[in-house]
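Engineer: need the 3D shape of this:
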Amino acid sequence: MTRPTGRALRLTILIGESDLWHHRPVYTEIVHRAHAAGLAGASVFRGIEGFGASSRIHTQRLLSLSEDLPVAIVVVDDEQRIRDFLPQLDELVAEGLVLLDACEVIRHGGQERAR
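Structural biologist: Numbering: from 1, shown residues only. Below you'll find the model as predicted:
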């Protein structure tokens, strides 16, 4: 696993919570593939309200509970590692939005795992 500092690329994938890949949530598959690819880290954030290309609003408000809330998966690593990972998204993200942003990593801390 890499620990980037300085210039990096942020990959953000916006999909629906109910999107599936072989009976498994797409966000779970993306996180596991990012881990297997040795990327620095990935996080999944569940939205409370949003809409996408369908223009249908999905919300968690009590009177209109949605089973398909927006989900954002965020991965940050150096540019080449992120770009090498992009082809895996072609088969996973049928509907959604994939974004790349240049960013700067100030600190990437954590405990090293014993091997």
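
Engineer: list the helices and strands the longest strand seen in the chain packs on?
Structural biologist: Ranked by number of residues, the top strand in the chain under DSSP state E is strand 6-16. Secondary-structure packing of strand 6-16 (3 or more C-beta pairs under 8 Å, 6 or more residues apart in numbering; DSSP states H and E): helix 26-36, strand 70-77, helix 79-92, strand 97-105. For glycine as for every other residue, the C-beta is placed from the backbone atoms N, C-alpha and C.

Engineer: read off the pLDDT value for residue 87.
Structural biologist: We have a pLDDT of 97 for residue 87.

Engineer: residues near it, how many?
Structural biologist: 8 (other C-beta atoms under 10 Å).

Engineer: point out where this protein drops to low pLDDT.
Structural biologist: 1-4, 53-67, 108, 110-115 (pLDDT under 70).

Engineer: spatially central residue for it, please.
Structural biologist: Nearest residue to the geometric centre of the chain (C-alpha atoms, centre = their mean): residue 73, 1.8 Å.

Engineer: that one pairs with what?
Structural biologist: residue 13, residue 44 (DSSP bridges).

Engineer: my guess is it contacts residue 33. True?
Structural biologist: No. Counting by C-beta atoms under 8 Å, residue 33 is not a contact partner of residue 73; they are 10.5 Å apart.

Engineer: using the three-state scheme, assign residue 107.
Structural biologist: Assigned with DSSP: H, G, I helix; E, B strand; the rest coil, residue 107 falls in the coil class.
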